[in-house]
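K.L.:
take this sequence and fold it.
(one chain, ligands or ions: 2)
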Amino acid sequence: MRNFINIADIEKKDLREIIDNAKSQKGKRSKLNKSAIDPNAPFADKTLIMIFEKPSTRTRLSFELAMKQLGGQLLVLNPKEIHYGSGEESIHDTAKVLSQYGDIVMMRTYKHKHFLEFSKHLDIPIINGLTNLSHPCQIMSDIMTFEELKGSITNKKIAWVGDGNNIVYSLIEAAVKFNFKLSIACPKKLRPENKILKWAKKNNSKILITKDPFEATSLADCVMTDKWISMSDKVDKKKKRKLLKPYQVNKKIMECAKPDAIFMHCLPANRGEEVTNSVMDGRQSAVWLASLNRVHVQKSIIQWCLK
Ligand code: CP
Ligand code: NVA
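P.N.:
Ligands and ions are numbered 1, 2, ... in the order given. Okay, the predicted model is just below:
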């Protein structure tokens, strides 16, 4: 059984297969409308169960559309409306029951530990739709988007500017697996987890961490950022915003990157804070394409899990 939990767990060749399959399937349906089912409807007899502990726009809608295009069925569960570790029924028993009804689960949780606990008891594959630790589906979509616009990501320079959060965690894993250069600019206090940095170093990563956003973005092929305050952040928001103030992606930062560099943000964005309107809506912005590509990459991830 194949789970899609973290990029680091998956072999390089499988990650490459997921991206290439997503690109080729997207190409094949270029003349079809969004909700049209793929001609072979590969998942006509399959059901995806989705569980969201916290809000989502893109992940929810893109998985819905992905399953629709694959010809499959969908069940969306709100943890508050089911017996889900609430004392009424153990996580173990809920997972066993879901395994009877569905073929694959996509789950968004607060604690990564909780996600792992749930996955342990499932008898069907599970996909990580964001935890406090990581967001692998997002980064896979970003890689597909980068390659669609700029060609192979191998040896390209990707710059991350801002909080060392769950998105950059998956980006670090991807830098190792897809062999690109990653420069991270963030305040010392907001650096990504040491454990993942150590893992990256052990695996010959090309990662630079600096406090200087201009050093990180210098001649980059892509500049990325995310909200300064994540959904799970239990921090002094005022203090965090102050620390991150020099890390706004604006015109000056984009001018430091290559003239044809692209800008990506997983969204939702807090315009005027981590990114300016002129960058979000500017010619280099690939944010809407990356949202669309969530559909295609996730179709490919579901297919890989169920292979
Ligand atoms: N980028 C992303 O996962 O967005 P949502 O929180 O809207 O799903
Ligand atoms: N870092 C953000 C990503 C949202 C898609 C969060 O966890 O809230």
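K.L.:
now what about stretch 238-250, what contacts it?
P.N.:
With CB atoms under 8 Å, 6 or more residues apart in numbering as the test, stretch 238-250 has contacts from 161-163, 185-187, 189-190, 213, 223, 225, 228-229, 233, 263, 273-276, 278-279. (Each C-beta comes from the backbone N, C-alpha and C, glycine too.)
K.L.:
repeat for stretch 149-160
P.N.:
143, 146-147, 168, 171, 175, 178-186, 216-217, 219-225, 257, 260, 262, 286, 289.
K.L.:
buried residues, that stretch. List them.
P.N.:
L149, K150, I153, K156, K157, I158, A159, W160 (16 or more other CB atoms under 10 Å).
K.L.:
the contacts of stretch 149-160, buried ones only, as a PyMOL selection?
P.N.:
A single PyMOL command is used to select the members of the contacts of stretch 149-160 judged buried by 16+ other CB under 10 Å:
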select buried, resi 143+146+147+168+171+175+178+179+180+181+182+183+184+185+186+216+217+220+221+222+223+224+225+257+262+286+289
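K.L.:
mind listing what the residue in the stretch 151-300 of the chain that ligand 1 sits nearest to touches?
P.N.:
Residue nearest to ligand 1 within the stretch 151-300 of the chain (CB to the nearest ligand atom): C266, separated by 3.9 Å. Shown in contact with C266 (CB under 8 Å, 6+ apart): R58, H135, Q138, D142, I167, D226, A290.
K.L.:
about what we covered before: near ligand 1, from the contacts of stretch 149-160?
P.N.:
Filtering the contacts of stretch 149-160 for proximity to ligand 1 by CB under 6 Å from any ligand atom leaves nothing.
K.L.:
now the closest residue to N277 other than its chain neighbours: how far from ligand 2?
P.N.:
Distances taken as CB to CB, 6 or more residues apart in numbering place R271 nearest to N277, at 5.5 Å, with adjacent residues excluded. Note on R271: its distance to ligand 2, by CB to the nearest ligand atom, to the nearest Å, is 15 Å.
K.L.:
returning to what we had before: biggest separation within the buried residues of stretch 149-160, which pair?
P.N.:
Taking CB to CB as the measure, those span a maximum distance of 17.8 Å, between L149 and W160.
K.L.:
nearest to ligand 2 among the buried residues of stretch 149-160?
P.N.:
W160 (12.0 Å).
K.L.:
and stretch 263-283, how far apart are its ends?
P.N.:
Chord length of stretch 263-283, first to last residue, is 9 Å (CA to CA, to the nearest Å).
K.L.:
in the stretch 51-200 of the chain, what residue lies closest to ligand 2?
P.N.:
N165 (4.6 Å).
K.L.:
now do the contacts for that residue.
P.N.:
By CB under 8 Å, 6+ apart, the residues touching N165 are P192, D226, S230.
K.L.:
out of the residues you listed, who's near ligand 1?
P.N.:
Of the contacts of N165, not one also sits near ligand 1 (CB under 6 Å from any ligand atom).
K.L.:
strands of this protein, start to end?
P.N.:
With DSSP state E, the ranges of strands along the chain come out as 47-52, 73-77, 104-108, 126-128, 157-161, 181-185, 206-210, 222-225, 262-265.
K.L.:
show me what the second one is packed up against.
P.N.:
Yep, that's strand 73-77 we're talking about. On a contact count with 3 or more CB pairs under 8 Å, 6 or more residues apart in numbering; DSSP states H and E, strand 73-77 meets strand 47-52, helix 58-69.
K.L.:
equivalent analysis for the longest one, please.
P.N.:
In terms of contacts (3+ CB pairs under 8 Å, 6+ apart), strand 47-52 is packed against helix 58-69, strand 73-77, helix 91-101, strand 104-108.
K.L.:
bridged to A185, which residues?
P.N.:
V161, T210 (DSSP bridges).
K.L.:
find the nearest non-adjacent residue to P213, please.
P.N.:
Per CB to CB, 6+ apart, closest to P213 is A185, 4.1 Å.
K.L.:
Serialize the contacts of N165 to a markdown table and add fields for neighbour count.
P.N.:
Putting these into a markdown table (neighbours: other CB atoms under 10 Å) gives the following:
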| residue | neighbour count |
| --- | --- |
| P192 | 22 |
| D226 | 26 |
| S230 | 17 |
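K.L.:
contacts only, for L65.
P.N.:
K34, S35, V295.
K.L.:
highest neighbour count among those?
P.N.:
V295 (23 neighbours; other CB atoms under 10 Å).
K.L.:
residues touching the residue nearest to P213, list them.
P.N.:
Applying CB under 8 Å, 6+ apart, the residues near A185 are A159, W160, V161, G162, T210, K211, D212, P213, E215, A216, T217, Y247.
K.L.:
ok, which pair from those residues is furthest apart?
P.N.:
G162 and E215, at 14.5 Å, using CB to CB across these.
K.L.:
thanks again, I'm all set now.
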